[in-house]
Each structure stands twice: as structure tokens, then as C-alpha cells.
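*Asks:* structure for the following, please:
(one chain, ligands or ions: 1)
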Amino acid sequence: MTRAAVVAAVGAALPASVVSNEDLTARLDTTDEWIRSRTGITRRHVAAAEESTADLAVRAAAQALTSGEPDHVDTLVLATTTPDRCCPATAPAVATRLGLTGIPAFDLAAGCTGFLYALATGAGLIAAATARTVLVIGADRLASLPHPHDRTTVPLFGDGAGALLLRHGTAGKPGALGPVVLGSDGTGADLIRADHPGALHMDGADVFRRAVDRMTTASRQAATAAGWDLGDVDRLVPHQANSRITSFVARQLGVPDGRQLSNVAEVGNTGAASIPLLLARASSDGRLKPGHRTLLTAFGAGLTWGALTLTWPDLTRTHRLEGAPA
Ligand code: COA
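*Replies:* Okay, the predicted model is just below:
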């Protein structure tokens, strides 16, 4: 039996404050119709000034820990493009606030693909028997990156956090992460960039084309590596950049609309939080059910991209995890 990382619990957190498209029209030269038709977004959650990436990460992770009930967590990986400070990393503070002082905890920056990179890292630690349980968090405050008056970027982004608890298990079983496909291309580093908060620059049209291309290719590779036909996919969970990008990806993969999960209308592009927020939402509202063959894919600044498969597990029962190091 091959050792693998298995999803044991999910958690999610969104800031209380909601900014609708109508709210944006009061301060930007834009319309609800433009934003909705070009992006599929109708509103987004935006953190209060005093609400940090760590605050969101702690809330999402605490939910995953409450439902997963691990006896011990061996490692915490925080995917984020918006750490609270340049130095130190945000993850150790998050770990301490969760009562996990002493464990390895580190940030991982891979843009909107960060969560898949973090899952791959957690899965690798578990496969190598370095860890038995890994808490993987994606948290971002992307709404802080655009210039407040830039109508081309402000409508796209929102804030949030999501978390998955991984535990050791057996490859091929429900919840086990399949082979991970990851990539990067620094020649596109300037296409999405921010030297500091409020200074985001994005070449939207080029990013759009590359996002469709990379997510489609990575998805095909991940499905092949898992031994799946794309027709086997019950649920496509693409990074929620915008609904036109994800629809193109689904169409190119031949995944029918009804099998594609989305929450971009309610949360916008939440960066590294995007995929776990969508998994948490869809598993709680019944769109994602135990046994669904699920394909995750993402694309982001860097440029970075990735994809992986898993069969969604039954998370309704309590998982009591063994705590001793492997
Ligand atoms: N409201 C009204 N008009 C707007 C606008 C807004 N919020 N934002 C841009 N426009 C205008 C532009 O100024 C431009 O006007 P012009 O023709 O007079 O110059 C026009 O709309 C078309 O702009 P364009 O950038 O070509 O639109 P688009 O159809 O490419 O859509 C994006 C723009 C950003 C929605 C689209 O390129 C996109 O989704 N890109 C990917 C972004 C993304 O997801 N990035 C993150 C990846 S992880």
C-alpha cells in the first residue's frame, strides 16, 4: 500500500464586510453590467484595515482543526501572496495562535497557485514519512493590492482564507491526493506584479489567454497521471479568477457546465484562498459529495500553475488522528 496524503477536514473564513458591484460604481468609472459580464463577479468580501492575513488564516484553520480533531499537527504550510510583514513569515504566528508553537511553520508564495503548491508540499512530507498530519492554509488579502482607483483591477479581487487538514493514508482511497502537476514561467513575471500594496499591475488580456492554456494543459496532465479520462471528472474546481476563464477551461476539457464548481460571483478572486474556500462551500452545500472525482487546477502570478486529482472523501464522520510522529 502506497502512503499518501488524505484530506481529513476543511475550513473557511471570509471577512464580514461585503463590497457589491453597486458599491464600486460609487467610486469607480464602472458598471455592475461590465463587471458581471466580463468577470462573473457580483460582490466580494474585503478585510477591515485591522484584519490581517493571519487573522483570516487562523479562523479558517481553527475550523479545519475543530472538525478534523487531530491529536497532533506536525507541520503548517501557509500559502499567501500577502503576508502580514516582509519579515518574519506569517505562518509561525498563525501556528502559535492555533496552539501549535514548536512545529515547523512556513509561508509559501506561488500566487494564486499557492494552495496547490502547498498541498504538494504537505503531500510530499507525508509521503516521505516526515509528517503524519499537515495543516495547509491558503489566505490572502488581494483586495489590498490594486490602486483604489484602478477600475481594471479593483473589481476582480477579494479577501479570504481556506484550509485543509491532511493526514497520512493510502493512495487511491477516498480523499487521497493524486499526482500533482506544477509549473512556472518567470518570463511572464511582469504580467501580474505589485511592488507594494496599492501598486498592482496586470496585463489582463495576456493573463487571460495564458491562464486558460496553462490550466487546461495542467488539468489534462494531472488526469492522465491519475489514470483518469476527463469524462470521469465529476467536479472541476478551478481557481476562481473569473467565470469567463473557468468556462473556457471547462469547455476545452470537455467538462459540462454542471460539473464545474464556482463561487466567484460571491467572493471574486481570493488568490491562494480560492480553491479551499470553494471546496469548503461546495462540500457544505452539497454540490461536492463523497465519491465525486474532483479535479483541482490553478494559475497565478509568477507565472505559476498546477493541477491535481482526488476523490472527495466523506468528512461527516469525526476523524481521530494518531499523533505520534512517523
Ligand atoms: N468598467 C468599465 N470598463 C472597464 C473596466 C471596468 N471595471 N475595466 C476596464 N474597462 C475598459 C477598458 O478601459 C477598455 O476600454 P477601452 O477599450 O476604451 O480601452 C475596455 O474596458 C476593454 O478592456 P479590456 O482589458 O480589453 O477588457 P477585457 O475584456 O480583456 O476584460 C479583464 C478585462 C481584466 C476582466 C480580463 O482581461 C481578465 O479577466 N483577465 C484575467 C484577469 C485575471 O483573472 N487575473 C488573475 C489571474 S490569477
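*Asks:* distance of the spatially closest residue to Asn21 that is not a sequence neighbour from Arg43?
*Replies:* Distances taken as Cβ to Cβ, 6 or more residues apart in numbering place Asp32 nearest to Asn21, at 4.0 Å, with adjacent residues excluded. For every residue, glycine as well, the C-beta is placed using N, CA and C. Distance, Asp32 to Arg43, using Cβ to Cβ, to the nearest Å: 10 Å.
*Asks:* what's the overlap in contacts for those two?
*Replies:* Common contact partners of Asp32 and Arg43 (Cβ atoms under 8 Å, 6 or more residues apart in numbering): Asn21.
*Asks:* residue of the stretch 151-300 of the chain with the smallest distance to the ligand?
*Replies:* Residue of the stretch 151-300 of the chain nearest the ligand, by Cβ to the nearest ligand atom: Gly204 (2.8 Å).
*Asks:* that residue: neighbouring residues, count only.
*Replies:* 15 (other Cβ atoms under 10 Å).
*Asks:* now the one 4 residues further on
*Replies:* Around Phe208 sit 17 other residues, with neighbours defined as other Cβ under 10 Å.
*Asks:* looking at the residue of the stretch 151-300 of the chain closest to the ligand now. What's its pLDDT?
*Replies:* Looking at Gly204, its pLDDT stands at 91.
*Asks:* residues near the residue nearest to it when sequence neighbours are not counted, how many?
*Replies:* Leaving aside its sequence neighbours, Gly204 sits nearest to Thr152 (Cβ to Cβ, 6+ apart; 6.4 Å). Thr152 is flanked by 15 other residues according to other Cβ under 10 Å.
*Asks:* and the strands in this protein?
*Replies:* For the chain, the strands defined by DSSP state E occupy 3-13, 18-20, 43-45, 75-79, 105-108, 133-141, 159-170, 181-184, 192-194, 200-202, 235-238, 293-300, 304-311.
*Asks:* what residues does stretch 277-292 touch?
*Replies:* Under Cβ under 8 Å, 6+ apart, the answer for stretch 277-292 is 10-12, 14, 63, 138, 160-162, 164, 174, 234-235, 237, 240, 261-263, 267, 270, 294, 311-316.
*Asks:* next up, the contacts around the residue nearest to Asn21.
*Replies:* So Asp32 contacts 21-22, 25, 42 (Cβ under 8 Å, 6+ apart).
*Asks:* show me which pair in these is furthest apart.
*Replies:* Thr25 and Thr42 (12.3 Å; Cβ to Cβ).
*Asks:* residue numbers of this structure in contact with the ligand?
*Replies:* 30, 34-35, 38-39, 112, 151-152, 155-156, 202, 204-205, 207-208, 211, 241-242, 245, 269, 299-300 (Cβ under 6 Å from any ligand atom).
*Asks:* cutoff 8 Å now
*Replies:* 24, 28-31, 34-35, 38-39, 111-112, 151-156, 192, 202, 204-205, 207-208, 211, 239, 241-242, 244-245, 269, 271, 298-301 (Cβ under 8 Å from any ligand atom).
*Asks:* on that earlier part again, buried only: go through the contacts of stretch 277-292 for me.
*Replies:* Buried members of the contacts of stretch 277-292, counted by 16 or more other Cβ atoms under 10 Å: 10-12, 14, 63, 138, 160-162, 164, 174, 234-235, 237, 240, 261-263, 267, 270, 294, 311-313, 315.
*Asks:* understood, closing this out.
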